[in-house]
Each structure stands twice: as C-alpha cells, then as structure tokens.
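*Asks:* how would this look folded up:
(chains A and B)
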Amino acid sequence: MEFDLPTFWFLLVGVLFTGYAMLDGFDLGVGALHLFTKTDDERRIMLNSIGPVWDGNEVWLVTGGGALFAAFPEVYATVFSGFYDAFMLLLFALIFRAVAIEFRSKQPGRFWRRAWDCGFAGGSVLSSFLIGVAMGNVVWGIPLDKSHEFTGNILTLLHPYSLLLGLTTVALFMMHGNIYLILKTEGELQAKLGRWVKITIPIFMVLFLTVGLITPFLCPHIKTAFNERPIILTLFFTLALLLAFNIPREVHKKREFRAFLSSCGTMLSLMTLFAASVYPTMVFSTPNIENSLTIYNGSSTEKTLQFMMIVALIGVPIVLTYTASVYYIFRGKVVITEESY
Amino acid sequence: MDIEILSRAQFAFTIAFHFLFPPLTIGLGLNLVVMSGLWMKTRNPIYHNMGRFWTKVFGLIFAIGVATGIVMEFQFGTNWATYSRFVGDVFGSPLAIEGIYAFFLESGFLAILLFGWDKVGPRLHFFSTCMVALGAHFSAIWILVANSWMQTPAGFHLAKKIKLTADGVQHPYSAELAEGTFKIKEVPLPEDYILQQSDLDSIRAVITDFWAMVFNPSSMDRLVHTILACWLAGTFLVISISAYYLLKKRHIPFAKASMRIGLTLAAITTVLQFWSADSTARGVAENQPVKLAAIEGLADSTTEAPLGIIGMVSWERDDDGNIIGINESALKVPALLSILVSGDFLHPFKASEVEVKGLNDLPSDEFILARHPDATPAEIKKIRPDYWPNVPVVFQTYHIMIACGVALFAIAWLGLALWKTGRLWVVDSKFTRLYLIACIFSVFLPQLASQAGWFTAEMGRQPWIVYEILKTSEALSKAVRAEQVLFSLILFTLIYLLLFLVFAYTLNTKIKHGPSDDVSGAQLPEKWRSIAILEKERHDNSE
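*Replies:* Now for the predicted structure:
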C-alpha cells in the first residue's frame, strides 16, 4: 500500500481525538461521579485527582479541532456549522465545568460549594453526552446537500440512535473516571469506588453491546464497511469487550494501574473500531450518500498536508514526552495541599 | 435581526472577553520568569513567596483563558463556515500549530508550576516557568500570524475546482456528470482574479509558500506590537496589586520588590511600544491605506497631513441618508502624519511633502472599476463608501489606544523617577499616595488599549474578512439561522457575565489573602530549604 497523506491525517486527527477521549474522558467521568459522594473531603479528593491535568487534557480537543481545520477544512466547516446548537451547548458545558473546578474550593460556604459541585457534575455529564450524540450522528449520517452544507436542524440530530450513543459515552466516561479514581485514592474512599465498578462497568457493557449489535442493521453504510473489513471490525469489537471484562479482574486483584490501562485500552479499541467502520468517509450523508464527505473530497491540498505532517511529526513526540513526564511527576495518591482546588 | 450583525457581534463579544485574559498570562509569564530567575540567582525567600503568589493569580487567569479560548476555535466553523472552507488550506495550519506547540507546552508545564512545589526541585520548577511563558508567547505568535494573514494575505493563490473527464475536457465544477467519469482538479487562477460570490462553491485559497504566509507583510510588526501590549497588561497588574499593598501598608517588602520589577519592565516596554507602534502604523499606511485614512479621519489626500490628537468624526450623508463622506473636527499637529508615514525623522521638511491619501480617493478608481466594470465616475463616487470601514468608530478606538499608551508611559517613568529619588516608598507623602492610587487603576489602561487597538485593527479591515479578497458578509455559515446565533449570543452574554463576576470576586479574595510574608524560609518546600540564603545570613555575609 502506498503512502496516502489524507489517510495519515485521518489517523492523526483520530489519535488526537482518541487522546482527548482517553484523557479528558476520565475528567468528565470524575465529574459525572462527583455528586455520588457526599462529604466535602471526598469531593475535594475527587476534584483534585484531576486538578493538575484537566486543562492540559482539554488541549487535546483544541488541537484535534485545529488539526481537523487544517487538514479537513470542509469537514470542520460542515460539522461545526451543522451541529451549531449542539456545539454551542458543548461549549457552555465545558466552560461551566472549567469554571466550577476553578472556583468551587475558593470559598468555604456550603451553598457556594454545592452550586459549583452541580456545575461541575452537570457540565461534565452534558459534555460527555453531546460528544456521544455528535459521534452518533457521524455514524448515522446527516442530510448534506451538494456543497456539503447541512440541511437539517437540531431535531434532525436528536434521534434515538444518537441519543443512545450519547448515553453510551456518558457510561463509558463514568467507567473510565471510576477506574482513574481508584488509581488516585486510598482507604475507605477507594473501597467505595471499588464497589461502584460493579455498577459502572455492567451499565457500559450493556449499552456498548446494544450499540454494537444494532449499528450494522440500522446503518447500511456501516454494514458495507463490515462486509469490506470483517476481521478488523470483529477484532476490535472483541478486544474492547475483553479489555472491559478485564477491568473488574484487575480491580479485584488490587492492580490499579493495570485496571486503568485496560480501561484506556477499551477506549483505544473503541476509537479504532469507530475509525475502521467509517474510513475513508468522515461524515456520511443520508439520504444522499453521494454527498458524503470523505478524507479525499474534504481535505486540504497535498502541499498543506505534507508540510503539516512534518510539523506534527516533530511536535507530537515532544508533546507526548512532556505530557508523560507531567503524569509521572503527579503519580500516586491525591494529597490535599494549600495549592489544591 | 441580521445574521451577519449577530455573528459579528458574537465573535466580537467572545473574543473581546477572551482577550482580557491571554495578555495577562503572557505578561505575567514574563514577570514570573524574572521573579523565579531572581530567586535562582539570589536564593532570597522573598522571591519565592513572590513567585508563589503570582503563580496563583496566573493559574486563575489561565483557567478562564482556556475556557473562553475553545469558543474562539469553534466559532470559525460554527459561524463562519464559508470562510473556513475558503481559507482552511491556509488558515488552519497556524491554528493547528498553535495547539501542538503552544497550548500543550503551556498547560503541561503549568501543572508543575501550580501544583509541583513539593514534587520538583527549584531548577525544574524554574524551567517549567520558562516553558509556560514560552508557550504563552508561542500561542500569540501563531494567532497573530493567522490574523495578520487576514489583514495582508500572502503566500497563496486562488484555485478553482473543475471536473476533468477522461478525454481531457474541463467542465465547470457544477456540471452534472455521471459518477466515475471525471476527476476533480484544482487549477490556479491569475493573481488579479476578483472573487465573485457565486464562485465560493468552487474556489478556495490554496497555499503556495508557507513561510510567505507566516511572514506576511504585517505579521511581524503586529506580533511585536501585541506582545509588548501583553507585557504591559501583565506588568501593570503586578504594579497595581503592589501599589495596593503599599497603600494599605501590608506585605511591604514583597510589594516593594514586586513594584521594582514591575516598574523596570514597564519603563522599558512603554518605550519599545512607541517604536513598535510607529513601525506598525507605517505598515498600515503601506498595506492598508484605507485603514490609515479611516483611523486618522483623513477625508482629502494631502501633503503635510496633520496628526489628530483628540476629536470627532461623523458621517456626511446625502438627502437619502447614504454616506457620501466624513466630517472631521479634531485637535491636530500639522504635518506630523506625513512625517510619520515617511519615517524620515531626520529631514522633517522633506518628509512633510509626502502625500497621504484621504478617503475621498480610497480605494482607488481602478480598484472600484475592476469590481464594478461599467461604473461611471459619478457612480464610482457613490460606490466608494461601501469599501470604507466604520470611520467614526475606528477613529475613536485608535485614539483611545494612543491616549492609553501615552498615559502608561507617563505612569511608568514617573514611578521610576520616584523610586530612584527614594520618594516612592514614603507612603505618607500626599504625592506618593496620589501616584499609588493612580497605579492601582493603571491596570485598566493596557486592557483598554488592547481592546481599542484590536477593534481598530478588525473594524478597520471591514468590509473585508480577508483583505480585499473575501467580504465578511459572504463568509457566514449557510447552515445556521439568525435565531440560533441570537440564542447563543444571549447565553454567552449571561455566562460570561457570571464568569466575570466570579473571576473578579475570586481575584479579590486572592489579593486580600495576599502572599506569604515568611522570610525565614520555614514555609519553603522541603527540597528547596537547603538552598535558600536567608536575610540573616545575607547580613552576616556582607559584614
């Protein structure tokens, strides 16, 4: 197979959004679980488990968006303008979450903290849900005209399938956040979080299996992709399941880090599964499938893709190195200090 | 309401709000590097306390900057999709580079800065401070490159998509051909091609030379000008809070030391800013003469063009209410604009002979004829104002910016003089008190100057979104309706209002709480204690 620049960029944008899902995924999950603990101490520990890293994690979304703009401007323009209301809500939710994290512990008042706790949890749940809905629509397809303009409205986007994917994403992030919290906590709180796993994992599994089994029947274009590459799709579907099954086992054996890796592996498999079922299409157009945006008719010129490939190949390894270093520096259990949130 | 007005209002509001914060982090970043550098050099715990306090302030501002910054990146796609499709091949790259090289750097190392006091040693911490400041500056570079390309586009050509059939015949992109019988190709258009609205489906800007795009005619001037403005924003925050402590007689050693750093940086930066402002304005004169005439309110082309100091510009309208010119009345310095535009300060009399074009001749007849081929001279005169920005507004914003700049220069150098004559710390003197009160409020001046300056730059570019290529009115999202934008604009207004109130409240709490006054080194992180040189030892050594 010869080297294909649009494919390289499809993968790179995929890597960035997978990075976002894996990293901010646990932030959002921690947020979604936040209200299930009651005491202020426990809530602060949960909040501070993501304290040093959440804004860096959000950068993956910003960079993913930037990379999408640079490499696939047509896709960026179509999706962002087509999903206007949903993306505005996503922005408000992300702003609320960020602000809630920043301000919650700045004042001791009960009402103050409760209000921001709700902002943190609500913002996190809504963000996860909307991300899922957006992905659901990409798989399901949206009505596009000849110039790739979206012709529907917000109600076009809110159909049962996309809502189901929204729920699945919330469940996935809650599971992921749950495992991350086990990694970052100790003692009684950790034991409690260990019990939660018995709820969060099955919920996700049921939703995931449902989505996995109905998608080929509901989306003819995904069926086509399945007929084209049955082995890859089956492989990653199974891998995602097996890795998710592995999480409770690792938690039970007190191998927290391996449990977290398993959870990350689940997400990686899911994103690969997602990418492999749509490639080389980026946005399906339904009902007029010929108006779909692919990595070829939606991309920048070869010159831009090539130049930016060099930029990315230099930059991304550096980013990964110091991001890993930061995570290494902040390894271990959460300790509340003067600087904490 | 009109979707163009709404989308522009939303972009202006969200960017103006967002832009309160990055200048502070860029400027504070520089101040933090100086403070941490002084700690590394002197090992005096006071600089550690300083770094620790300002880092907290930095963290608060950065969080709001991130939260409001994502909005900006999303909006190109949500509200300006036609623009994004048209320029994506050129404009997307700097944004992606900003993400990869600036945001990751800034946010990654900020974690160490904020939460790493007990986890890393002083060296790594200092390194992180430098990386955070560098990241903040990198992001300014790439966003300024992108914006400057909209002002003075370079390094690209327009390309038209066509359908090419197997027999080599070129068909227009809109031609209905059977699937699979053609290939889509992009052919470059001649340099003087004038974009029509109907072209937007098949024509886009395509990069030809990346570095020409990066170093477009205005990018370096505008970058330097903006970064210096950011330094002023951060530095005057330091000055303002320090002045407050001096007046309240709290944290005196801390406030004195912070004030010294702030005043030194401010004095240097204000001077540099005059030089940069001059260079930037000359660039505008060369590349965007319409904008220059608008910001100076110059109606007729003239030699010995005067420079306005303060005044009013209003539209001159005909009986039907159409704009036909401007009325301007201002306090002016004769011939100074001509001299500044020429840049030949050594020969002012020769320089004053330089002609500066006025709005009645801008844009040129040829420019208008190229876009309206059959226009008669009378019609040209009528069409011309369509290509002017909102002159009454940009005239004012431009002059507000300059007035703020001059005031900042005065405050910085007066402070320096007071410090060097030893009167700055005599807080009970009436004059010093007045000066310190002025310092407290001085924090608003760089903000006002930056905002006014950006409104001048962006409104002065109108009616173009990409200068003299694509009009703002043609760049909107086709899939979005006015009500959607109205709704999001209302929500943004409410949320940002709340955000700002909470920000102000929290910043106030931090300032009231203040820095640590510990000079014994007892509150230093464990790893750091052994290297601190305390006041007592310092004293012993000097004896």
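
*Asks:* so what's residue 236 up against?
*Replies:* Just so you know, I chose chain A. Going by Cβ atoms under 8 Å, 6 or more residues apart in numbering or on different chains, residue A:236 touches A:269-270, A:272-273, A:276. Glycine gets a C-beta too; all of them are placed from N, C-alpha and C.

*Asks:* the intended chain is chain B.
*Replies:* Neighbours of residue B:236 in contact, by Cβ under 8 Å, 6+ apart: B:27, B:262, B:266, B:408, B:442-443, B:445-446.

*Asks:* going on from the helix or strand containing it, what's the next piece of helix or strand?
*Replies:* Element membership for residue B:236 (DSSP states H and E) is helix B:219-248. Going down the chain from helix B:219-248, the next helix or strand is helix B:252-287, by DSSP H and E.

*Asks:* ok, of the contacts of residue B:236, which come out buried?
*Replies:* Among the contacts of residue B:236, those classed as buried by 16 or more other Cβ atoms under 10 Å in any protein chain shown are B:27, B:262, B:266, B:408, B:442-443, B:445-446.

*Asks:* now the residues you listed in JSON lines, with secondary structure, distance to chain A and pLDDT?
*Replies:* Shown next, in JSON lines, are these (DSSP: H, G, I helix; E, B strand; the rest coil; distance: Cβ to the nearest Cβ, whole Å; pLDDT from 0 to 100):
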{"residue": "B:27", "secondary structure": "helix", "distance to chain A": "19", "pLDDT": "93"}
{"residue": "B:262", "secondary structure": "helix", "distance to chain A": "24", "pLDDT": "92"}
{"residue": "B:266", "secondary structure": "helix", "distance to chain A": "28", "pLDDT": "93"}
{"residue": "B:408", "secondary structure": "helix", "distance to chain A": "29", "pLDDT": "94"}
{"residue": "B:442", "secondary structure": "helix", "distance to chain A": "26", "pLDDT": "92"}
{"residue": "B:443", "secondary structure": "coil", "distance to chain A": "21", "pLDDT": "92"}
{"residue": "B:445", "secondary structure": "helix", "distance to chain A": "26", "pLDDT": "94"}
{"residue": "B:446", "secondary structure": "helix", "distance to chain A": "23", "pLDDT": "94"}
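
*Asks:* returning to what we had before: between the contacts of residue A:236, which is nearest chain B?
*Replies:* Chain B has its nearest neighbour among the contacts of residue A:236 in residue A:272, at 22.1 Å by Cβ to the nearest Cβ.

*Asks:* SS state for that closest one?
*Replies:* Assigned by DSSP: H, G, I helix; E, B strand; the rest coil, the conformation of residue A:272 is helix.

*Asks:* can you show me the strands along the chain?
*Replies:* Assuming you mean chain A. Along chain A, counting by DSSP state E, strands occupy A:281-283, A:293-294.

*Asks:* can you look at chain B instead?
*Replies:* B:156-165, B:170-172, B:182-188, B:203-207, B:307-317, B:323-333, B:464-466, B:470-471.

*Asks:* any idea how many residues pack against the residue in chain B positioned nearest to chain A?
*Replies:* Relative to chain A, the nearest point of chain B is residue B:88 (2.1 Å; Cβ to the nearest Cβ). Neighbour count of residue B:88, defined by other Cβ atoms under 10 Å in any protein chain shown: 31.

*Asks:* nearest spatial neighbour of it, skipping sequence neighbours?
*Replies:* residue A:73 (2.1 Å; Cβ to Cβ, 6 or more residues apart in numbering or on different chains).

*Asks:* can you count the residues close to residue 132?
*Replies:* No chain specified, so I'll use chain A. For residue A:132, the count of nearby residues is 23 (other Cβ under 10 Å).

*Asks:* think we crossed wires, I meant chain B
*Replies:* Neighbour count for residue B:132, taken as other Cβ under 10 Å: 28.

*Asks:* right, and the residue of chain B closest to chain A touches residue A:78 too?
*Replies:* No - if you go by Cβ atoms under 8 Å, residue B:88 and residue A:78 don't touch, sitting 11.2 Å apart.

*Asks:* helices of the stretch 1-150 of chain A, residue ranges please.
*Replies:* A:5-33, A:40-49, A:54-71, A:73-82, A:84-103, A:110-140 (DSSP state H, counting those that start in this stretch).

*Asks:* quick one: low-confidence parts of the chain?
*Replies:* Let's take chain A. Applying pLDDT under 70 to chain A picks out residues A:1-2.

*Asks:* I was thinking of chain B, sorry if that wasn't clear
*Replies:* In chain B (pLDDT under 70), the answer is B:1, B:534-543.

*Asks:* and it, what are its domains?
*Replies:* For chain B, the domain assignment from automatic domain parsing gives the residue ranges B:1-151+B:479-525, B:157-207, B:290-387.

*Asks:* distance to residue A:188 for those domains - can I get that in CSV?
*Replies:* Converted to CSV, the domains of chain B look like this (distance: least, Cβ to Cβ, whole Å):
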stretch, distance to residue A:188
domain B:1-151+B:479-525, 24
domain B:157-207, 58
domain B:290-387, 65
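
*Asks:* quick one on the thing from earlier: which residues touch the residue of chain B closest to chain A?
*Replies:* A:69-70, A:72-74, A:76-77, A:300, B:204.
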